[in-house]
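Student: sequence and predicted structure below; questions after.
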Amino acid sequence: MTPAQALRDAALAAAVAFGLFAMLVGLRTDIGPAGGLILRSRWAEVALLCGIVFAGRLAITLWAGRRALRATTGPTPFTLALQRLGRFVAPVLLALALLLPALPGIGRYELDIGILVLTYVMLGWGLNIVVGLAGLLDLGYVAFYAIGAYSYALLAQYFGLSFWICLPLAGILAAFWGVLLGFPVLRLRGDYLAIVTLAFGEIIRVVLLNWTELTGGPNGISGIPRPSFFGLPFNMSGDPDSFAGFFGLEPSPSHRIIFLYYLIFGLALLTNWVTIRLRRQPLGRAWEALREDEIACRALGINITTTKLTAFALGAMFGGFAGAFFATRQAFISPESFTFIESAIILAIVVLGGLGSQVGVAIAALVMIGGFEVFRGLDEWRMLVFGGAMVVIMVLRPRGLVGTRTPSIALGRKRAISGDLVGEGHG
Amino acid sequence: MSGHRPHRDMILEVAGLTMRFGGLTAVSQVSFAATRGEITAVIGPNGAGKTTLFNCITGFYRPTGGAIRLHRPGELPVDLHALPGHRIAQAGVARTFQNIRLFPGMTALENLLVAQHNKLMKSTGFGLGAVLGLSGYPRAEREAVELAKRWLSATNLMERADDPAGALPYGAQRRLEIARAMCTEPSLLCLDEPAAGLNPRESDELSRLLLDIRGQGTSLLLIEHDMGVVMRISDKVVVLDHGKLIADGSPAAVRADPKVIAAYLGEGDEDEEAEVVA
């Protein structure tokens, strides 16, 4: 586009902006001194807005015009730079997460946020198996989170089992429910699968809400046992059979927080480790192939049903682990913690991070959950800022923060594959 | 044409196969046999029911009537018409698609490894052993990569091994799809119009590749419109028209058959049958 064309285009955009803002911003009614309405005009503001639109449109067209001629399948320079940066991002984030409790200026509040972020990192990684790798759109992931949480709470309450026994049980139960849900729904694809999983999430929540005898209904379950350090409880007594007493430490409430932090850190790393390993193995490759082309998979002799079920069950299992952790951290759970918005947030983390990308999901969880806390000072504007930021990210990077796919194996050097070629799955 | 007696060298036996879609009979009482170690071509005008026949053989459709049997030396024949799709592939029938179906976001090598899924999966100990590092998976994977390399070089794709399949040129995608099918180590390879969209030089290369595959002991069944390719490489030609088998014999005999000539030159009958593409 020539500069003259760009100018004309920008002028047109400014004219449209004037049409919009002339009435919305330019004219305003206020209550006058006599109590009646008076008309006040604000043409300076209108001129400013039109000027911003003009300059912005001009900048966009000139910038877009400059990069109009470029191969679409190759990674963009921006992507390449991000990849180079990305090689350092993961180790730096990992080191930061590992050392967080020891860093100066990290108090209880920061650690609590850290635990929250890591919980969502883990949930994001768990859902990433289902949505990112296998390409099955699951809108009810929170159901497995709830099953994990209630499994721990009920097993601990009725049978007095310890956290370390309940944790695998919660994961197994969640995986079991994942398989149970998976059997009837995995023949569905795309939108239909999404709707059924959404319904499943709601059914679980409604059952928890109404089965008062077992789950306490809307009152939830309180007094869930806190985790112990392999049998040593965290308390302030200083007894030799408490954590602080056994190790000869000054009893401090921060011990438990730090322990919880490392617990969720370990669980999240376990999720990551299993996913990374599986991606390089036949099962993970079959998931990705399923996302790319289901019919071709069938022609190659891959059992689609069991392959989808394993993805569903594994994703659900990690959701269940996270749920059990959530229950022991909060010591109180109620159906209110497992609403659809939770599923939506986890899915947003996966989509924002880039389907199938582990680092992307971690960054997205940090940005979304951490950012949400940072913007707390903005009060009711928080949602607006937050929504705007998400829209901007998705406009600039429609395939998520990490939109490329790294091959699982290569004869030579592994080169990232542009997101344009990678399928998003059809359910 | 019915009543084939199974003979020793038969690999695929199609007996009285019928496929109806509602009121439409796409394939009607078709019987033929494919011989082990030979290239059998299925030809016919558009809408003759070739792809429907193919989809029945490879399990994408459940036939309305008739039987399809895969014969394996020293074993009982397998009833393909009663097996679900992925089982047919496991029994040793591989296929390619008329409109190429690769995994575009995965590299050529990854495509070939996905094809060896079942073999590799066994070596991982239900997927769990390999996660924990407890199984012979690394060795199995090395062997799988070797097989993939062999087919990459056979299809002249070695230097594109690490490129995403979706970024390969059209002819290379066709070849990669054949390589992928061959990586399942099938006894019968079914090709749905492998020469479609290829230029003459690429068609020649394809003919050579298919003869190569036959030379290694795999039987082939192909649908093809390119008569040059069909006549050059086929050992046997089966002709369908309006869902019925009208000729079955050597390329030379089929070419001279007046019924085949009539079907191809047309009798002013232009109604297109709804041939469902996989």
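Tutor: Now that the structure is in, tell me what you want to look at.

Student: what's the weakest-modelled helix or strand in chain B?
Tutor: Across the helices and strands of chain B, mean pLDDT, DSSP states H and E gives its lowest value to helix B:128-131, namely a mean of 74.

Student: show residues contacting that helix.
Tutor: Under the contact criterion CB atoms under 8 Å, 6 or more residues apart in numbering or on different chains, helix B:128-131 has outside partners A:274, A:277-278, A:281, B:123-124, B:135, B:137. C-beta coordinates here come from the backbone N, C-alpha and C atoms, glycine included.

Student: can you give me the helices in the stretch 101-250 of chain B?
Tutor: Remark: helices assigned in the stretch 101-250 of chain B by DSSP state H, counting those that start in this stretch are B:108-114, B:117-123, B:128-131, B:137-154, B:170-182, B:200-215, B:227-233.

Student: do the stretch 301-427 of chain A as well
Tutor: Under DSSP H, counting those that start in this stretch, the stretch 301-427 of chain A gives helices at A:304-330, A:340-353, A:358-365, A:371-374, A:382-396.

Student: residues from the stretch 1-150 of chain B in reach of chain A?
Tutor: Residues of the stretch 1-150 of chain B found near chain A (CB under 8 Å from any CB of the partner chain) are B:58-60, B:85-90, B:94-95, B:97, B:101-107, B:109-110, B:113-118, B:120-121, B:124, B:127, B:130-131, B:137, B:141, B:145, B:149.

Student: for ChimeraX, what selects the buried ones among those residues?
Tutor: Buried residues among the residues of the stretch 1-150 of chain B next to chain A (16 or more other CB atoms under 10 Å in any protein chain shown), as a ChimeraX selection:
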select /B:58,59,60,85,86,88,89,90,94,95,97,101,102,103,104,105,106,107,109,110,113,114,115,116,117,118,120,121,124,127,130,131,137,141,145
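
Student: quick check: the residue of the stretch 201-350 of chain A nearest chain B.
Tutor: A:Gly301 (3.2 Å; CB to the nearest CB).

Student: from A:Leu181, how far off is the closest residue to that residue other than its chain neighbours?
Tutor: Spatial nearest neighbour of A:Gly301, chain neighbours left out: B:Ala89 (3.2 Å); criterion: CB to CB, 6 or more residues apart in numbering or on different chains. Applying CB to CB, to the nearest Å, the value for B:Ala89 to A:Leu181 is 27 Å.

Student: got a list of what A:Ala322 touches?
Tutor: Counted by CB under 8 Å, 6+ apart, A:Ala322 has contacts A:119, A:122-123, A:126, A:145, A:148, A:264, A:267.

Student: confirm B:Ile68 sits in a strand?
Tutor: Yes - read with DSSP: H, G, I helix; E, B strand; the rest coil, B:Ile68 is one of the residues of a strand.

Student: quick one on the thing from earlier: what does the residue of the stretch 201-350 of chain A closest to chain B show for phi and psi?
Tutor: Here is the backbone geometry of A:Gly301 (degrees, to the nearest 10): phi 80, psi 20.

Student: and it, how many neighbours does it have?
Tutor: The local packing of A:Gly301 (other CB atoms under 10 Å in any protein chain shown) involves 23 other residues.

Student: quick one, what contacts it?
Tutor: By CB under 8 Å, 6+ apart, the residues touching A:Gly301 are B:86-90, B:117-118, B:184.

Student: residue closest to the middle of chain A?
Tutor: Central residue check for chain A by CA atoms, centre = their mean: the C-alpha nearest the mean position is that of A:Ile349, 2.5 Å away.

Student: next one: the closest residue to it other than its chain neighbours from A:Ala416, what distance?
Tutor: In space, A:Ile349 comes closest to A:Gly124 once its chain neighbours are excluded; the distance is 4.1 Å by CB to CB, 6+ apart. Here A:Gly124 is placed at a distance of 21 Å from A:Ala416 (CB to CB).

Student: quick one: which of the two has more around it?
Tutor: Between A:Gly124 and A:Ala416, A:Gly124 has the larger neighbour count (other CB under 10 Å), namely 33 against 18.

Student: show me what contacts the more buried one?
Tutor: Neighbours of A:Gly124 in contact, by CB under 8 Å, 6+ apart: A:346, A:349-350, A:353, A:361-362, A:364-365.

Student: tell me the angle whichever strand or helix holds it makes with helix A:358-365.
Tutor: A:Gly124 belongs to helix A:108-127 when assigned by DSSP states H and E. Counting by axes from the mean of the first three to the mean of the last three CA atoms, to 10 degrees, helix A:108-127 lies at 140 degrees to helix A:358-365.
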